[in-house]
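A.B. asks: could you look at this predicted model? Sequence included:
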2 protein chains.
Amino acid sequence: MVQKSKKPAAKPDAPAPKRRGRPRAYQPEIALGKALDLFRKDGFAATSLDDLSAATGMNRPSLYGAFGDKRELYIKSYARYRAEARAAMQEIFRDEMPIRKRLARIYAVALDIYLSGEAGPRGCFTVMTAGSEAVADPEIRAMVLEGLSELDKAFAACFRLAREKGELPASADPVVLAQLASATVHTIAIRARARVPRKELEAIVKGAIDVMVGPAAP
Amino acid sequence: MVQKSKKPAAKPDAPAPKRRGRPRAYQPEIALGKALDLFRKDGFAATSLDDLSAATGMNRPSLYGAFGDKRELYIKSYARYRAEARAAMQEIFRDEMPIRKRLARIYAVALDIYLSGEAGPRGCFTVMTAGSEAVADPEIRAMVLEGLSELDKAFAACFRLAREKGELPASADPVVLAQLASATVHTIAIRARARVPRKELEAIVKGAIDVMVGPAAP
DNA sequence: TGATTTTTATACTGTTCCGCATAATATAAG
DNA sequence: CTTATATTATGCGGAACAGTATAAAAATCA
């Protein structure tokens, strides 16, 4: 057994790979999205496999076969959340624009993510996981720490660039400002979960931006 | 039945009230503290009545009789947490001192609270409850909102006073600064739960204070 | 058509859970 | 000593839970 399997280098995305047995009745991507929705709504402990089974349309053995046990499914859901959040943010972090506008757009997207949800605002999954599973589960904790630090770093890069472009005084410390920017993300995530209305959260964001980069030009 | 009971105006704190039946084998205050410890460690859903029973030394019927069901016990635990946190903070908010020192002391106490715990840092119970139970439970949510706003207001009062004393420029907005100060509390609470070491949290606090009230005098 | 493979569907196991019903125990009052 | 009261101790009941074993179904391959 030198080769792991006989996959013939399988083309990246063959449309119909002609799989052998009974075809799947579910789409893994969609099912994982449903699982994520549930976990974001109720958290790990309050979400049962029956709930997940009902939401995904997969019965428990299929769930188990596709994603592993509940914890593994949670981890995969969280990875998916991170990927989605990153995708929603990356162009804002990448494109050239004034720091003030960049921050405003980041927070607008964050609020969209945190306030979405049919059964109430779902908040930030990183923040919620930090509060619950991260303490006792090293693997999950590592992912959460990575999520926190990824945001810190992205913000820091923004502030560093803004300082180079003269939008911020030379004395401004990008790392410190980034921590404040992250703190603002965290506080609106928490407040969103307590159903603080969007208007109030936007006011908090506006105030924070004013302090971080100075009040808007008149 | 006009009078609800025959309590004879019961003296505030008679040392031995000569209660009638079998004496209690537990002290409600201590038991509630143990319950709070558990809830802070594991959250509502992951804490079972058996866990609570073992931790408090009370069997389930006694628990039920003393505090009501699990949800009521959680609410009472949270009220207790808030009372303790308020007690730990109140003298710092009350006494006269420079804004910088006041903030430093508040955050030091907050870190003590968030990092304590034998089985890992317990974080901020308000933040954790906001992330979990507050979404779906209106009564708990009201308490959480009150907790968030209480902190906002206390910070705002500090900044208002500091501005009056000339420690801050007249242009400083106490409400905005208070939201940033609360955001800093929230971010360290979350990061504490992810086991970010105290040193790093203290660095975040220091940076935030510098931005809010200006760098320390040399 | 029949064998093989992969997935779905059903159902089971043993545990844990919450809340309560009942009985035993310990005190005060009469 | 007897009665009333308040608590503890035991344990029951039915539901929910996570995970898996087994059987049925749906596809490909020969």
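C.D. replies: All right, it came through fine. Model, not experiment: these values are computed from the prediction. Numbers count the residues shown, from 1 in each chain, chains lettered A, B, ... in the order given.

A.B. asks: what about the helices in chain A?
C.D. replies: Assigned helices in chain A, in chain order: A:28-42, A:49-56, A:60-67, A:70-94, A:99-115, A:125-131, A:138-164, A:174-193, A:198-213 (criterion: DSSP state H).

A.B. asks: deepest of the ones you listed, which one?
C.D. replies: Mean neighbour counts were compared across these using mean count of other C-beta atoms under 10 Å in any protein chain shown; the top stretch is helix A:125-131, at a mean of 28. Yep, even glycine has a C-beta here, placed from its N, CA and C like the rest.

A.B. asks: name the residues that touch it?
C.D. replies: A:36, A:39-40, A:43-44, A:78, A:81-82, A:140, A:143-144, A:147-148, A:186, A:189-190, A:193, B:43, B:123, B:127-128, B:131-132, B:190-191, B:193-194 (C-beta atoms under 8 Å, 6 or more residues apart in numbering or on different chains).

A.B. asks: try it again at 6 Å.
C.D. replies: The contact list for helix A:125-131 (C-beta atoms under 6 Å, 6 or more residues apart in numbering or on different chains) reads A:Arg40, A:Tyr81, A:Val144, A:Gly147, A:His186, A:Ala189, B:Met128, B:Gly131, B:Ile190, B:Arg193, B:Ala194.

A.B. asks: can you check stretch A:94-105 too?
C.D. replies: So stretch A:94-105 is contacted by A:Ile92, A:Cys158, A:Ala162, A:Glu167, A:Ile209, A:Val213 (C-beta under 6 Å, 6+ apart).

A.B. asks: tell me, how many residues neighbour A:Pro98?
C.D. replies: 12 (other C-beta atoms under 10 Å in any protein chain shown).

A.B. asks: need the residues of chain A near DNA strand D, please.
C.D. replies: A:18-23, A:47-51, A:60-61, A:64, A:69-71 (C-beta under 7 Å from any atom of the strand).

A.B. asks: that older thread, what's the closest of the contacts of helix A:125-131 to DNA strand D?
C.D. replies: A:Arg40 (16.0 Å; C-beta to the nearest atom of the strand).

A.B. asks: quick one, grab the pLDDT at the nearest residue to that closest one once chain neighbours are set aside.
C.D. replies: Closest residue in space to A:Arg40, ignoring its immediate chain neighbours: A:Arg122 at 4.2 Å, by C-beta to C-beta, 6 or more residues apart in numbering or on different chains. Note on A:Arg122: pLDDT of 97.

A.B. asks: ok, A:Ala170 to chain B distance?
C.D. replies: 14 Å (C-beta to the nearest C-beta, to the nearest Å).

A.B. asks: tell me how many other residues surround that residue.
C.D. replies: Neighbours of A:Ala170 (other C-beta under 10 Å): 7.

A.B. asks: so what's it closest to, chain neighbours aside?
C.D. replies: That would be A:Arg163: by C-beta to C-beta, 6+ apart, it lies 6.8 Å from A:Ala170.

A.B. asks: can you tell me how far that neighbour sits from DNA strand C?
C.D. replies: Separation of A:Arg163 from DNA strand C (C-beta to the nearest atom of the strand, to the nearest Å) stands at 52 Å.

A.B. asks: wait, that residue touches A:Ala172, no?
C.D. replies: Yes - look at A:Arg163 against A:Ala172 with C-beta atoms under 6 Å: they come within range, at 5.4 Å.

A.B. asks: residues contacting the nearest residue to A:Val144 once chain neighbours are set aside?
C.D. replies: Distances taken as C-beta to C-beta, 6+ apart place A:Ala134 nearest to A:Val144, at 4.4 Å, with adjacent residues excluded. Neighbour list for A:Ala134: A:Ile140, A:Arg141, A:Val144, B:Ala194 [criterion: C-beta under 6 Å, 6+ apart].
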